[in-house]
Each structure stands twice: as structure tokens, then as C-alpha cells.
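Visitor: What would the 3D arrangement of this be:
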Amino acid sequence: MLRRGLSGLGNGLAVVAIVGAVWGVGPVRAETLEAALIQAYQNNPTLNSQRAALRATDEGVPQALAGYRPRVTVTATGGEQVLSSTSLTNPTRAPGTPATYFTQNGNNAPYGATATISQTIFNGFQTANRTRQAEAAVLAARETLRVTEQTVLLNAATAYMNLLRDTAILDLQRRNVEVLQEQLRQTRDRFNVGEVTRTDVAQSESSLAAGRSQVLTAQSNFATSQATYRQVIGTAPGKLTPGTPVDRFSPPNLNGAYGLAMATHPSVTSAQYNIDTAQQAVKVAEGALYPTLSVQGSYAQNFMSASSLNTMQTTAATVLGTLSVPIYQGGSEYSLIRQAKETLGQRRLDFDGARDQVRQGVAQSWGQLDAAKANIEATTAQVQSTEIALNGIREEARVGQRTTFDVLTAQQNLVNARVALVTAQRDRVVASYSLLSAVGRLTPPVLGLQVPLYRPTVHYEQVRDSWAGVRTPDGR
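Guide: Next up, the predicted model:
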């Protein structure tokens, strides 16, 4: 009776928990890892925030291009005024001749308008350099968006597999409690007929209490994984189906992974564009030492005069060229140039750091993937051996060669081995996604996700040459 009851529950534990929870058994509403990645790509708030940040960076280019364009200003004046003036009528009178004065009083309503247009001809190439600086900043922001995309997709895959793992572990622990309850019932029956002692009963009760504690821990981990899943992917999880590794998209060897990461990882390319941005910033700062040439034209039409009651209308048109040559401005321009050069040096060091960090990430991910592959083989062998050992110990306990404590220990070892196998299967999938992210290829096209891609060039082209307008391309 003891052997049959425990063996049946143990086999059910292995089949349902490991095969069912981890690799999926006909769910009512199946949700795949690919679907979860699509949801995260479309709905993740961190990713959408970074897309908005890129669109804001795009606006730096039309702002820089504005330096090539004229500036037009129209000024209008109007109002009411009262004038009173007294003037000397004989300023050249002979000595002794009394002075005579003329007083004029009145009111009028002067009004007029002035239109002014100014155009910068030369400003030390600052406009051209600012434009190139803004364009480099856009390219750097696009690479930063790629980094965020990869991080979000990796987090989504990790959250999916964590929930799958914790679902399986919770099922394992619950079924372990069922086995321990049956073990306690049978131990009490044997105690009642004098086959075991009160100590055996206490050991069974202790193991059952420990199993229930493990269920509570597993429930807590499961609830945490559910919350993380919803946070990263943006929807409540359904019944999860198996996740599969993506090794096929990674380079076949470590050296190939290094080369691909150095050439295409967005962290490296972003650092390169940041160097370009800093170089242009140096040129912009140096432009302050050059002369500035501009042309300004104005046309003014005024009716009535603000200073004379006799003036009815005045018209003025001017075209003026202005050449400004900086001689000394307190030294701030020289400080700005030195500061920009130091920032350029910093960006070059950041580039070296980014390459080193990416290389370290590739090596770490490669090692984790190799370890995960080997760990699955080891834990699978561990489960098989532990099952054989448990069955043998149960047989020996039935004939009195093993104690209840030995059976309980073997049962716990089997549960631990199965938990380790579930964890190893999760680590195997996550490690493959981590490696793909480390080489810079964790993207929807590489993964084959059926989702409309976000194309940053669309917004850039919409706003780059815009001369006016306050509405964004999406209508806001």
C-alpha cells in the first residue's frame, strides 16, 4: 500500500509539473513567448518613452537649420496723444530785442507699421556645424532606442520564462504536499498497528509542514512573477506555452560573437555617434572667434507723428549690412572651446568603455549559455537517478530496511532535483536571449516577430525641413 500510493503520486508529479507546466499541455488560451514579445514591443511604456525622446531629439535638426533662414518681424503701433509745444520765433534777434514765442497745442492719433527682415550671411560656420551636430545626436538617439528595444525584449523574455518556471515550481510544491499528506496518513496507519514509532509520525508531520511552507514561498514567487510580467509586457498573463531557445540566430563561435558585437551593437555605435556630436560641438564653439556678417532690411510706414502735429505721413526703407568682428569677450569663448574639447576626450573614453563592456557582456552570456546547456543534462540525470533511489528506498522501507526519515529525505531530494531541472530549462532559454542581446541582434526582424516595426526615419523626414507649424505629425 505504501509503495503503490507514493509511487503513483510521484509519477504524476513528474509528468504534470515538468512536462506540463514547463513545456505546455493543451491550454485553453495559449499565449506564446513570441506573442508576449510583440506585446512588449508595442506597449511597453519604457520603450514608448524612449521613442518619444527620439522624436524630441529629431527637432534639434530643424532648430539648427533655422540658422540658414531669414527672420521676419512686423511691428505695429497706434494710439492717442496730446501735444503742446512752445518755440522761440526770433532766435537771431538783435541785442535788446525782446524774445517772442509761439505755442502750439493739439492732439492726434499716430499709427504705423514696420517690417524688418534679417539674414545671416556668415557666422563662422556655426549653423553648418550645429546642423551636423544635431544630425549626429539623432543617430546616437536612434542607437539608444535600439539599446532600449533590446533591453525591453530581453526583460520580456525573462519575465515570460520566470513566470513559466514559477508556475511549474508552484505545481511541484503543491503536488509534493499531496504526496507528504499521503505519507503522513500511511505512517499514522502503521503507527496504529505498531509498525512504526511516534518519531516516524513526527518526522512525517514535520516534512508536511515544511512542504506547506515551500508552497507559500512558491506562491509568493509566482505572484511576483505575474506582477513583473504585467509590468514589462503590459497585459495580464494567460496560459503560457513553451519558450524555445534562439541559439540559431547567434554566431556559431565566441570570436564571431565578439566581431559582430563590436561592429553592430547599439551601445558601441551610439558611443561612436556621441564622438561625432562632441567633435561638432568643438567646431561650434570655435565659430565664436570668427566674424559675423548679416544683412537687415526694413520698411516703415507711419501716419501722424508722435513728435509733431504738422507731420502727416512718413515712409522709410533701409537695407544695412553689419559686420561684427569679435576682439575680446571676457575669455568665456576660449573656456567654452576648452570645455568642448574635454567633452570630446570624454566621449572617446566612453567609446572605449562601451566596447569593453559589450565584449564582457558577450563573454558572460556565452559562458552562461554553455553552463545552461550542460546544466540541463546534469539535472535531467539527477532527476532520473533520484527517482530510482526513491523507488529503491521505498522498497527497502517496506521490508523494514529503511526508516520513514530516509523515505522523506529521498522524496525531498526528488522534489529539489525537479525544481533544479525546471530552473535549468528556464535558464537555457533566457541565456540564449541574453547572448542574442549581447551581440546586438535581439530585434523583431531577427526573431521573426510579426509586428509592424517602429521606423524612426518617418518622423525625422516629416519634421526635418519644416519651416512652420506647431502641430506634431501625429496631430497633437
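Visitor: So residue 113: helix, strand or coil?
Guide: strand (DSSP: H, G, I helix; E, B strand; the rest coil).
Visitor: Kindly report the same for residue 387.
Guide: Looking at residue 387 with three-state DSSP, the answer is helix.
Visitor: Now it. Nearest residue, chain neighbours left out?
Guide: If you skip the residues right next to it in sequence, residue 387 has residue 414 as its closest partner in space, 6.2 Å away by C-beta to C-beta, 6 or more residues apart in numbering. Every residue, glycine included, has its C-beta placed from N, CA and C.
Visitor: And the helix or strand encompassing the one you found, what's buried?
Guide: When secondary structure is defined using DSSP states H and E, the element that contains residue 414 is helix 404-438. Under the neighbour-count criterion of 16 or more other C-beta atoms under 10 Å, helix 404-438 has 404, 406-438 buried.
Visitor: who are the neighbours of it, in terms of helices and strands?
Guide: Contact here means 3 or more C-beta pairs under 8 Å, 6 or more residues apart in numbering; DSSP states H and E; on that basis helix 404-438 packs against helix 2-13, helix 126-192, helix 198-233, helix 254-264, helix 332-398.
Visitor: can you pull the buried residues of the following helix or strand past it?
Guide: Scanning forward in sequence from helix 404-438, with DSSP H and E defining helices and strands, the next element found is helix 444-447. Neighbour-count burial for helix 444-447, with 16+ other C-beta under 10 Å as criterion, is recorded at 444, 447.
Visitor: just checking, what packs against helix 444-447?
Guide: helix 33-43.
Visitor: pretty sure residue 300 belongs to a strand, no?
Guide: Yes: remark: residue 300 belongs to a strand, assigned using three-state DSSP.
Visitor: who touches it in this structure?
Guide: 112, 113, 114, 115, 314, 315, 316, 317 (C-beta atoms under 8 Å, 6 or more residues apart in numbering).
Visitor: how near is it to residue 320?
Guide: 13 Å (C-beta to C-beta, to the nearest Å).
Visitor: what do you get for residue 292?
Guide: Taking C-beta to C-beta as the measure, residue 292 falls 14 Å from residue 320.
Visitor: And residue 85, by the same measure?
Guide: Taking C-beta to C-beta as the measure, residue 85 falls 32 Å from residue 320.
Visitor: Show me the shaky parts of the chain.
Guide: Filtered on pLDDT under 70, the chain yields the residue ranges 1-30, 306-309, 475.
Visitor: Would you point out which residue is most central in it?
Guide: Against the mean C-alpha coordinate of the chain, by C-alpha atoms, centre = their mean, the closest residue is residue 148 at 3.4 Å.
Visitor: Identify the residues contacting that residue.
Guide: Residues near residue 148 by C-beta under 8 Å, 6+ apart: 46, 47, 50.
Visitor: what's near enough to touch the last one?
Guide: When contacts are counted by C-beta under 8 Å, 6+ apart, residue 50 is found next to 144, 145, 148.
Visitor: secondary structure class for the most far-flung residue of the chain relative to its centre?
Guide: Distance from the centre of the chain peaks at residue 96, with 92.6 Å (C-alpha atoms, centre = their mean). When classified by three-state DSSP, residue 96 comes out as coil.
Visitor: In a helix, residue 106, correct?
Guide: No: note on residue 106: no helix contains this position according to three-state DSSP, which reports strand.
Visitor: beta partners for it?
Guide: The residues listed as beta-bridge partners of residue 106 by DSSP bridges are residue 83.
Visitor: just to revisit the earlier point, counting neighbours, go ahead and name the busier of residue 292 and residue 320.
Guide: residue 292 (17 against 10; other C-beta atoms under 10 Å).
Visitor: separation between that one and residue 462?
Guide: The gap separating residue 292 from residue 462 is 32 Å, by C-beta to C-beta.
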